[in-house]
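Enquirer: Below is the sequence, then the predicted model.
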Amino acid sequence: MARRGGAPALVAVLLHEWSDRPVELGLAATDLLAMSLYARGDVVVEALRRAAARVEGLSDAALTALATENLQALDEAALATLVSTHAIGGYEVLRTRGAEDVVRLHRTFVERSRGFVSLLHLARLESLAAFFLRYLQSADYIVAAPVLLAELALDRGRPVSVTTTDEDGQGYIAARNAILDGSAKGYHARVLAEERRWWSLRAEAVAKTQPLTRMAEAEIGSMLSAMPFPYEVVDRIAVAHPTWRWGARVRAAMHARLGDAEALPLVADYLARFGSDDDLWRTVFDGDFVSARRQALLALAVQETLRTPHVVANWRALARLLGPDGTLAQQIDASLLAQRRHEVK
């Protein structure tokens with residue numbers, strides 16, 4: 001799903017595999033209906049609506065209770081099997097029985113759990129990823145993962161108030177908050193202007209200092225046309241973190257703002273690895289890059305739309321290129337809203 005989004009064939013598999021997991025399926029359905037536009041009559045749409053309706057408006061406590069339905073009679077072995085596939089209900093029943101050690105004693109549990117959250121994030125199933133991580137932390141199954149939890153919110157355009165002892169993580173959160181809350185100029189004047197020392201170091205050395213923070217600072221510098229260090233630093237960090245979607249987008253955005261020849265291949269590479277999303281296209285359309293590369297961008301958008309016709313971000317990109325007055329974009333958003341709000345029978 002990270003690449004193909006809510007493709008009907010993938011959704012059909014999800015509906016089958018999670019048919020007995022109302023919380024996981026419902027939260028995933030909520031995200032899928034928000035980012036996918038299906039053909040009229042597509043059989044997956046009604047199933048997604050029904051699943052999303054079951055979790056709509058529920059608190060975390062209510063979601064947790066729903067996840068345990070029909071699991072109370074299972075023995076520890078069966079529950080452990082469910083936990084091995086990250087079933088929230090399995091975790092919770094073991095916890096309420098005082099059998100948390102069945103989970104905790106698994107040596108790779110923490111790494112596997114965070115890895116699962118990261119995969120959900122890459123698949124853009126953000127509601128499920130955030131709830132799953134909040135549940136694990138509230139149930140004391142894993143130690144706090146503030147940077148990961150913050151990134152889930154930041155990637156959805158929501159500033160966060162999170163404290164961490166990880167210096168790189170704290171700097172990263174502060175810089176990304178500044179981008180989202182409109183204080184990027186103030187952050188640049190307060191923090192980045194004092195860091196001219198980076199220019200005296202080799203790009204390779206700068207990239208290794210605090211890569212998360214440096215990438216967020218690069219986004220601010222690129223936006224304001226006042227980079228705090230050489231552009232090569234961004235390239236090196238992105239290459240060193242090949243599964244970091246936001247980092248790849250920042251790299252593509254930086255080169256687009258520069259208007260250099262690397263921008264288009266980087267946009268194409270992002271689409272090939274992470275699929276299409278509004279954030280990428282919004283960045284590409286920012287500034288003069290789109291006017292200079294309109295035909296090439298149109299070809300990319302058409303190619304991506306043909307490959308993944310259900311991804312609404314593709315249609316929004318085409319609407320921006322073909323109907324700059326906003327009429328087409330409004331029609332697309334109206335269709336998406338109608339699909340999500342259709343009465344569940």
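Expert: Structure's in. What do you need?
Enquirer: For Met1, which non-adjacent residue is spatially closest?
Expert: Nearest non-adjacent residue to Met1, counting by C-beta to C-beta, 6 or more residues apart in numbering: Ala123, 3.7 Å away. To be clear about C-beta, it is placed using only N, CA and C from the backbone, and glycine gets the same treatment.
Enquirer: Run a quick neighbour tally on that neighbour.
Expert: By the criterion of other C-beta atoms under 10 Å, Ala123 has 22 neighbours.
Enquirer: Kindly report the same for the one 3 residues further on.
Expert: Other residues near Glu126 number 20, with proximity taken as other C-beta under 10 Å.
Enquirer: OK, contacts around it?
Expert: 31, 120, 152, 155-156 (C-beta atoms under 8 Å, 6 or more residues apart in numbering).
Enquirer: got it, and Pro22?
Expert: Residues in contact with Pro22 (C-beta under 8 Å, 6+ apart) are 51, 54-55, 66-67, 69.
Enquirer: From the residues you listed, pick the one nearest Ile179.
Expert: The closest of those to Ile179 turns out to be Val55 (C-beta to C-beta; 30.5 Å).
Enquirer: what about that closest one, neighbour count?
Expert: Residues contacting Val55 under the criterion other C-beta under 10 Å number 23.
Enquirer: for it, phi and psi?
Expert: Here is the backbone geometry of Val55 (degrees, to the nearest 10): phi -110, psi 0.
Enquirer: Ala67 is in contact with that one, correct?
Expert: No: using C-beta atoms under 8 Å, Val55 is not in contact with Ala67, being 9.9 Å away.
Enquirer: Could I get the average pLDDT for stretch 27-40?
Expert: On average, the pLDDT along stretch 27-40 is 93.
Enquirer: Let's see it as CSV, backbone CA atoms only.
Expert: This file holds the C-alpha atoms of stretch 27-40, laid out as CSV (Å, rounded to 0.1, in the frame of the first residue of the first chain):
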residue,chain,number,x,y,z
LEU,A,27,-9.4,2.9,11.3
ALA,A,28,-7.7,1.7,8.1
ALA,A,29,-11.0,2.2,6.2
THR,A,30,-11.3,5.7,7.6
ASP,A,31,-7.9,6.6,6.1
LEU,A,32,-8.6,4.7,2.8
LEU,A,33,-11.8,6.6,2.2
ALA,A,34,-10.0,9.9,2.8
MET,A,35,-7.2,9.2,0.3
SER,A,36,-8.9,7.0,-2.4
LEU,A,37,-11.5,7.7,-5.0
TYR,A,38,-13.2,4.6,-6.3
ALA,A,39,-15.4,4.0,-9.3
ARG,A,40,-19.2,4.0,-8.7
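Enquirer: Show me what counts as buried in it.
Expert: Residues of stretch 27-40 classed as buried: 27-38 (neighbour count, 16 or more other C-beta atoms under 10 Å).
Enquirer: again, but for stretch 7-26
Expert: Neighbour-count burial for stretch 7-26 [16+ other C-beta under 10 Å]: 7-8, 10-11, 14-15, 18, 21-26.
Enquirer: likewise stretch 132-139?
Expert: Buried, per 16+ other C-beta under 10 Å, within stretch 132-139: 132-133, 135-136, 139.
Enquirer: what does it contact?
Expert: With contact meaning C-beta under 8 Å, 6+ apart, stretch 132-139 is reached by 60, 63-64, 86, 88, 91-92, 95, 100, 113, 116-117, 120, 142-145, 148-149, 152.
Enquirer: Drop anything exposed from those.
Expert: 63-64, 86, 88, 91-92, 95, 113, 116-117, 120, 142, 145, 148-149, 152.
Enquirer: So which of the residues you listed are in helices?
Expert: The helices, defined by DSSP state H, take in 63-64, 88, 91-92, 95, 113, 116-117, 120, 148-149, 152 from the buried ones among the contacts of stretch 132-139.
Enquirer: Same list, those, but as TSV with distance to Ala317 and pLDDT please.
Expert: Formatted as TSV, these follow (distance: C-beta to C-beta, whole Å; pLDDT from 0 to 100):
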residue	distance to Ala317	pLDDT
Leu63	34	97
Thr64	38	95
Ile88	35	91
Tyr91	39	86
Glu92	41	89
Arg95	44	85
Ser113	35	81
Phe116	30	90
Val117	28	89
Leu120	24	94
Leu148	29	85
Leu149	30	84
Leu152	24	88
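Enquirer: Could you list the low-pLDDT ranges of the stretch 151-300 of the chain?
Expert: Counting by pLDDT under 70, the stretch 151-300 of the chain shows low-confidence ranges at 192-197, 287.
Enquirer: Let's have the ones in helices among the buried ones among the contacts of stretch 132-139 in TSV, adding distance to Glu232.
Expert: Listed next are these as TSV, based on distance: C-beta to C-beta, whole Å:
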residue	distance to Glu232
Leu63	45
Thr64	47
Ile88	43
Tyr91	44
Glu92	48
Arg95	48
Ser113	35
Phe116	34
Val117	31
Leu120	32
Leu148	28
Leu149	31
Leu152	29
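Enquirer: List the buried residues for stretch 303-323?
Expert: Buried positions in stretch 303-323, judged by neighbour count with 16+ other C-beta under 10 Å: 304-305, 307-308, 310-321.
Enquirer: for the residues you listed, which one is nearest Gln331?
Expert: Once C-beta to C-beta is applied, the member of the buried residues of stretch 303-323 that ends up nearest Gln331 is Ala319, at 7.9 Å.
Enquirer: Helix or strand for the closest residue to that closest one other than its chain neighbours, just tell me which one.
Expert: Once flanking residues are discounted, Ala319 sits nearest to Leu328: 3.6 Å by C-beta to C-beta, 6+ apart. Here Leu328 sits within helix 327-341, counting by DSSP states H and E.
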